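> this is the structure alone, sequence omitted:
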């Protein structure tokens with residue numbers, strides 16, 4: 001933070017809802033179709049075409065509101081927001097106002113101790129979450145005059161989540177987005193794909209003298225689609241505004257864009273005020289009425305919320321917070337871990353495999369957990385073999401796990417076919433220990449002289465002599481029995 005100044009940040013997040021069809025028509029809500037192939041008279045804004053509200057979009061908005069402890073309004077209305085842009089075929093956007101179906105609510109976040117003075121969780125308030133339709137997409141060619149418009153996205157249902165100006169640093173803004181992203185994905189109302197624009201953010205930021213209670217001039221930074229870009233754009237913008245004020249200049253109220261290549265925000269246009277949009281009630285849609293029965297039905301269908309699941313991973317499975325958070329990277333990943341922990345009876349080992357070998361394979365292949373190709377029960381069999389001391393961990397990782405991925409059968413069968421089962425029989429280990437001690441009298445002499453750490457060398461030599469199949473615990477126990485005999489020799 002710039003000395004003497006404090007940042008005030010509020011985020012507006014557009015969450016694309018996971019409905020089968022668009023918000024006001026029957027066109028398919030899908031990504032990647034040929035341009036302008038998912039359109040109809042309603043989403044094209046043709047004269048006489050009338051909108052009809054998507055009930056599933058309403059239910060998903062209710063689910064979000066209940067998850068954040070918001071007030072669900074029994075009556076809310078739709079308005080027309082007027083502006084002219086090539087990808088807005090009607091010349092206006094249908095959005096909710098002045099009252100949204102979801103009002104208030106909050107998210108619990110880790111506070112930035114650097115700006116708050118002490119670590120700890122704080123509650124970031126939400127102002128509202130309202131339904132609205134998305135615009136189309138403008139495509140720019142290489143020539144300055146080349147522009148195309150794809151209207152497949154026009155009319156796609158959005159839930160715009162408006163946060164209160166409670167955030168005080170780029171780090172808090174990034175944390176807010178991560179918590180919100182995890183929530184909407186685990187609720188099943190958004191796929192969370194930042195690259196496809198399913199989850200995108202506009203950031204409102206101003207600076208004020210440290211300790212002041214008023215607000216400075218607000219600047220909006222548009223269409224930030226990664227957590228990293230949010231941090232970078234806000235850090236630049238805070239520094240830019242503070243430098244202007246330090247020089248005695250004023251900050252202009254405007255909309256700016258983030259240029260990731262240049263690492264700076266750039267002015268796009270003067271920021272519009274509400275009056276510029278000429279809001280007025282949507283005449284073709286009646287007020288949205290939500291009764292208590294519908295709210296109760298949505299509440300009954302809510303899944304376990306992410307923060308509750310993270311706490312359960314810590315309390316029930318004994319995981320540290322950072323591991324519990326990482327296991328929550330997607331609903332499928334978290335579910336796979338839970339199934340693996342239950343089937344193996346070894347939650348810590350299950351977490352280690354998920355965050356180690358499983359994640360490595362998924363990253364190398366660029367696929368989600370659903371395409372791993374190994375069921376939790378199958379991998380659990382491998383974990384049990386290691387836990388029972390029947391298979392060295394190295395062989396489990398380097399030989400058996402790749403064989404499971406290749407579909408060569410169960411862990412038990414692979415171990416049996418390849419002769420990998422770990423040897424724990426003292427009768428088999430003892431001769432190898434004696435052999436190693438006899439082959440390294442100089443090491444025994446150094447241990448007699450006080451160099452105890454060389455004991456690890458002897459263990460390694462015994463394991464090597466056993467072809468990697470000896471149980472380390474058995475080797476150590478045998479060495480404990482036999483080494484004193486060799487140390488006592490003159």
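That came through, no problem. All figures in this text were calculated on a predicted structure; none of them were measured in a lab.

> what about the strands in the stretch 51-200 of the chain?
Taking DSSP state E, counting those that start in this stretch as the test, the strands found in the stretch 51-200 of the chain are 71-72, 75-76, 78-82, 92-96, 102-103, 106-110, 121-133, 137-140, 147-150, 157-163, 199-209.

> by contact count, what packs against the longest one?
Secondary-structure packing of strand 121-133 (3 or more C-beta pairs under 8 Å, 6 or more residues apart in numbering; DSSP states H and E): helix 55-67, strand 92-96, strand 102-103, strand 106-110, strand 157-163. The C-beta positions use only the backbone N, C-alpha and C, and glycine is treated the same way.

> re the thing from before, lowest average pLDDT across the strands of the stretch 51-200 of the chain?
Among those, strand 137-140 carries the lowest mean pLDDT, at a mean of 85.

> so which of the helices and strands packed on strand 121-133 is the most packed in?
Of those, the one with the most neighbours on average (mean count of other C-beta atoms under 10 Å) is strand 157-163, at a mean of 24.

> direction included, what does it pair up with?
Sheet neighbours of strand 157-163, with direction, are listed as strand 5-16 (antiparallel), strand 121-133 (antiparallel) (DSSP bridges).

> and that strand, how far from the chain's centre?
18 Å (C-alpha atoms, centre = their mean, to the nearest Å).

> what angle sits between that strand and strand 199-209?
For strand 157-163 against strand 199-209, the angle by axes from the mean of the first three to the mean of the last three C-alpha atoms, to 10 degrees is 20 degrees.

> got a list of contacts for strand 157-163?
Here strand 157-163 makes contact (C-beta atoms under 8 Å, 6 or more residues apart in numbering) with 10-17, 19, 22-23, 29, 54, 57, 60-61, 64, 95, 124-134, 176, 180, 189-190.

> go again with 7 Å.
10-17, 19, 22-23, 29, 54, 57, 61, 64, 124, 126-134, 176, 180 (C-beta atoms under 7 Å, 6 or more residues apart in numbering).

> before we move on, the earlier item: mind putting the strands paired with strand 157-163 into CSV with distance to residue 82 and mean neighbour count?
Listed next are the strands paired with strand 157-163 as CSV, based on distance: least, C-beta to C-beta, whole Å; neighbours: other C-beta atoms under 10 Å:
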stretch, distance to residue 82, mean neighbour count
strand 5-16, 19, 22
strand 121-133, 14, 20
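
> and residue 386, which of those is closest to it?
strand 121-133 (37.1 Å; C-beta to C-beta).

> the closest one vs helix 55-67, what angle?
With the same axes, to 10 degrees defining the directions, strand 121-133 sits at 170 degrees from helix 55-67.

> adding distance to residue 331, write the strands paired with strand 157-163 out as TSV.
Below are the strands paired with strand 157-163 laid out as TSV (distance: least, C-beta to C-beta, whole Å):
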stretch	distance to residue 331
strand 5-16	16
strand 121-133	21
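
> which of the ones you listed sits closest to residue 325?
strand 121-133 (13.8 Å).

> any idea which of the helices and strands packed on strand 121-133 gets closest to residue 302?
Using C-beta to C-beta, these put helix 55-67 closest to residue 302, at 6.2 Å.

> shaky segments in this structure?
Per-residue confidence for the chain (pLDDT under 70) gives these ranges: 1, 141-144, 271-275, 490.

> show me which helix runs longest in it.
helix 227-246 (DSSP state H).

> what about residue 303, distance to residue 179?
For residue 303, the distance to residue 179 equals 16 Å [C-beta to C-beta, to the nearest Å].

> which one's more surrounded, the two?
Higher neighbour count among residue 303 and residue 179: residue 179, with 16 against 13, using other C-beta atoms under 10 Å.

> wait, residue 227 sits on residue 178?
Yes: if you go by C-beta atoms under 7 Å, residue 227 and residue 178 touch, sitting 6.1 Å apart.

> what backbone torsions are found at residue 89?
Per-residue torsions, residue 89: phi -60, psi -30 (degrees, to the nearest 10).

> how much space separates it from residue 268?
Distance of residue 89 to residue 268, given as C-beta to C-beta: 22 Å.

> and stretch 384-399, how far from the chain's centre?
Computed by C-alpha atoms, centre = their mean, the chain-centroid distance of stretch 384-399 equals 31 Å.

> and what of stretch 11-23?
With C-alpha atoms, centre = their mean, you get 17 Å for stretch 11-23.

> likewise for stretch 3-16?
20 Å.

> residues in contact with it: which ones?
Against stretch 3-16 from outside (C-beta under 7 Å, 6+ apart): 1, 156, 158-165, 167-169, 173, 176-177, 180, 184, 190, 197-210, 215-216, 234, 238, 242.

> now the buried members of those residues.
Burial by neighbour count, 16 or more other C-beta atoms under 10 Å: within the contacts of stretch 3-16 this picks out 1, 156, 158-163, 165, 167-169, 173, 176-177, 180, 184, 190, 197-208, 216, 234, 238, 242.

> what's near enough to touch residue 173?
9, 11, 167, 203, 230, 234.

> what does residue 169 give?
Residue 169 neighbours (C-beta under 7 Å, 6+ apart): 1, 7, 112, 114, 115.

> could you report the neighbour count for residue 114?
Neighbour tally, residue 114, other C-beta under 10 Å: 12.

> quick check: the gap between the residue nearest to it when sequence neighbours are not counted and residue 179.
Nearest residue to residue 114 in three dimensions, chain neighbours excluded: residue 169, at 6.8 Å (C-beta to C-beta, 6 or more residues apart in numbering). Distance of residue 169 to residue 179, given as C-beta to C-beta: 15 Å.

> rewinding a little: export the helices and strands packed on strand 121-133 as a markdown table, with columns for distance to residue 74.
Listed next are those as a markdown table, based on distance: least, C-beta to C-beta, whole Å:
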| stretch | distance to residue 74 |
| --- | --- |
| helix 55-67 | 11 |
| strand 92-96 | 14 |
| strand 102-103 | 11 |
| strand 106-110 | 21 |
| strand 157-163 | 18 |
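
> measure the residue nearest to residue 227 when sequence neighbours are not counted to residue 201 for me?
Once flanking residues are discounted, residue 227 sits nearest to residue 174: 4.9 Å by C-beta to C-beta, 6+ apart. Going from residue 174 to residue 201 by C-beta to C-beta gives 10 Å.

> shared neighbours, those two?
The contact sets of residue 174 and residue 201 overlap at residue 230 (C-beta under 7 Å, 6+ apart).

> so residue 287 makes contact with residue 75?
Yes: using C-beta under 7 Å, residue 287 is in contact with residue 75, at 5.3 Å.

> for burial, what's the neighbour tally of residue 295?
Residues near residue 295, counting by other C-beta under 10 Å: 16.

> whoops, I mixed them up, residue 260
There are 13 residues near residue 260, going by other C-beta under 10 Å.

> report the contact partners of it.
Counted by C-beta under 7 Å, 6+ apart, residue 260 has contacts residue 229.

> and what of the one 4 residues further on?
Residue 264 sits next to residue 236 when contact means C-beta under 7 Å, 6+ apart.

> I'd like the distance between it and residue 229.
12 Å.

> equivalent analysis for residue 428, please.
59 Å.

> more neighbours, those two?
Neighbour totals were compared for residue 428 and residue 229, and residue 229 leads with 18 against 14 (other C-beta under 10 Å).

> the more buried one is in contact with residue 258, isn't it?
Yes: counting by C-beta under 7 Å, residue 229 does reach residue 258; the two are 5.9 Å apart.

> nearest to residue 398 among the contacts of residue 169?
Closest to residue 398, out of all of the contacts of residue 169 and judged by C-beta to C-beta, is residue 112, at 42.2 Å.
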